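Asks: I need the structure of the sequence given here:
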Amino acid sequence: MTTPLGEKIKAIIRANGPVSITDYFSLCLADPQHGYYKTREPFGSVGDFVTAPEISQLFGEMIGIFMVHAWQRHDAPSEVQLVEIGPGRGTMMADMLRVISKLAPALYDAMSIHLVETSDRLQEFQRQTLADHGDKVSWHSDFNDVPAGFTLLAANELFDAIPIRQFVRTANGFRERTVGLDANDELTFAVGVAGLDPAFLPDGQLPPIGTIFEIAPARQAVMTTICDRIAAHGGTALAIDYGHMATGFGDTLQAVRMHEYDPPLEHPGEADLTSHVDFQHLAQTAAASGLHINGCCHQGDFLLGLGLLERAAALGRDRDAPTQDGIRAAVERLAGAGEGKMGELFKVLAVSSPAIDLQPFRPAR
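Replies: Residues are numbered from 1 along each chain as shown. The predicted structure is shown next:
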């Protein structure tokens, strides 16, 4: 099946030759006319995927608890910017703020709230969701517009939507993977001429010919911007995404459409395109900015370590059986371990300056 964006990409390829995976990824998500984030309603049951905050209020509440804890470990500064990049509908921030205002009224009173959001449509959702917090909340289309100062920052499923580059191992070394046209004028993966600096590759033997390796300079750039801010003014940043803890080989480019996996070239502009986040590389990027790596762990371990089960029990107390069943199911979805479960697929990385120990990460030895 072809899509309007698919036709546009074919025309670009006919005119200029194959496009890189980075350019294909960018066009699919951000093309001004037909890009996925410009035209679709991605979130929730009517969308193409469900994010953790939409599954249960418990998720955002745990992040709120983490932010209170981080603030206390930083000696409770009196001026705080609470920042979320890519805040979806504002659900996670609303749940965080409810907990922060209860557990640490002094923090709630002292802080200003900053949402970094490029979509006018999503900003509108966020304004409705966060209406109770009045003029404490500000919106910015660019992180650099957030005022300087001590920062507590959360980014849930931000990095997976930032384009990657892919390289394929050939007989002549690694070459950039591209999208071209096949004999039937359909989109197909191809191999371009650009090479890869071997310094990027993990140590050890080279994998078989045809193996794919991914790098993400654009993700690194975003992480560096965040970390440089925290290095300069102090604070803690939390990144939550699906991905792997160690750099490795493999093709993780994937599309999701109507809650099902979809071939990445099948419905450009009509499916959400993502890839797994390399948390080892994000941590190395943070360290290069001078930040302390508090730790990286599975989402399930993070949430359970912050008291997910206790909070779920309190939420379900004196409620009817269907409500309690729903809470149990949400806990299992968010924190369940095992193949394909969010609790294991998703990783959580925390970085801070100056160096502090943060629960539930184990102190560095």
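Asks: how about the helices in the stretch 1-150 of the chain?
Replies: Under the criterion DSSP state H, counting those that start in this stretch, the stretch 1-150 of the chain contains helices at 4-16, 21-30, 36-39, 52-55, 57-73, 91-103, 105-110, 120-129.
Asks: what about the helices in the stretch 251-365 of the chain?
Replies: Going by DSSP H, counting those that start in this stretch, the stretch 251-365 of the chain shows helices at 279-288, 299-305, 308-316, 321-335, 342-345.
Asks: next, count neighbours for the residue lying closest to Ala218 once chain neighbours are set aside.
Replies: Residue nearest to Ala218 in three dimensions, not counting chain neighbours: Ile162, with 5.0 Å by CB to CB, 6 or more residues apart in numbering. C-beta here means a position set from N, CA and C on the backbone, and glycine is covered the same way. Using other CB atoms under 10 Å, Ile162 has 22 other residues around it.
Asks: what's the answer for the one 10 residues further on, then?
Replies: Burial of Asn172 is recorded as 10 neighbouring residues (other CB under 10 Å).
Asks: distance to Leu306, mean pLDDT and mean neighbour count for the helices of the stretch 1-150 of the chain - can I get that in CSV?
Replies: Shown next, in CSV, are the helices of the stretch 1-150 of the chain (distance: least, CB to CB, whole Å; pLDDT from 0 to 100; neighbours: other CB atoms under 10 Å):
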stretch, distance to Leu306, mean pLDDT, mean neighbour count
helix 4-16, 41, 95, 15
helix 21-30, 31, 94, 22
helix 36-39, 30, 76, 18
helix 52-55, 13, 74, 21
helix 57-73, 5, 96, 22
helix 91-103, 11, 96, 21
helix 105-110, 16, 96, 15
helix 120-129, 23, 91, 15
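Asks: of all the ones you listed, which one is nearest Met342?
Replies: With distances scored as CB to CB, the stretch of the helices of the stretch 1-150 of the chain nearest to Met342 is helix 52-55 (6.6 Å).
Asks: on that earlier part again, Thr252 is nearest to which of the helices of the stretch 1-150 of the chain?
Replies: helix 21-30 (11.3 Å).
Asks: which of the helices of the stretch 251-365 of the chain is buried the deepest?
Replies: helix 299-305 (a mean of 23; mean count of other CB atoms under 10 Å).
Asks: ok, the closest residue to Lys38 other than its chain neighbours to Arg229 distance?
Replies: Closest residue to Lys38 apart from its sequence neighbours, by CB to CB, 6+ apart: Pro32 at 6.3 Å. Between Pro32 and Arg229 the computed distance is 28 Å (CB to CB, to the nearest Å).
Asks: neighbour count winner among the two?
Replies: Arg229 (23 against 6).
Asks: ok, now how distant is that one from Arg219?
Replies: 16 Å.
Asks: what of Gln72?
Replies: 30 Å.
Asks: with Leu181 instead?
Replies: In terms of CB to CB, Leu181 sits 28 Å off from Arg219.
Asks: of the two, give the one with the bigger neighbour count.
Replies: Arg219 (24 against 16).
Asks: tell me the secondary structure for the more buried one?
Replies: Three-state call for Arg219 (DSSP: H, G, I helix; E, B strand; the rest coil): helix.
Asks: residues contacting it?
Replies: Residues near Arg219 by CB atoms under 8 Å, 6 or more residues apart in numbering: 159, 162, 164, 277-278, 281-282.
Asks: hmm, back to that, got the helices of the stretch 1-150 of the chain as CSV, with distance to Pro322 columns?
Replies: Formatted as CSV, these follow (distance: least, CB to CB, whole Å):
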stretch, distance to Pro322
helix 4-16, 42
helix 21-30, 37
helix 36-39, 35
helix 52-55, 16
helix 57-73, 17
helix 91-103, 21
helix 105-110, 33
helix 120-129, 25
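Asks: which among these is found nearest to Ala330?
Replies: Of all the helices of the stretch 1-150 of the chain, helix 52-55 comes closest under CB to CB, at 5.4 Å.
Asks: what about the closest residue to Met92 other than its chain neighbours, distance to Asp228?
Replies: The spatial neighbour of Met92 that comes closest, neighbours along the chain excluded (CB to CB, 6+ apart), is Pro53 at 3.7 Å. Using CB to CB, Pro53 is found at 27 Å from Asp228.
Asks: residue ranges with poor pLDDT in the stretch 251-365 of the chain?
Replies: 363-365 (pLDDT under 70).
Asks: mind running it again at 80?
Replies: 258-259, 338-340, 362-365 (pLDDT under 80).
Asks: how near is the residue lying farthest from the centre of the chain to Leu308?
Replies: Going by CA atoms, centre = their mean, the residue of the chain most distant from its centre is Ala183, 36.7 Å out. Noted for Ala183: a distance of 53 Å to Leu308, by CB to CB.
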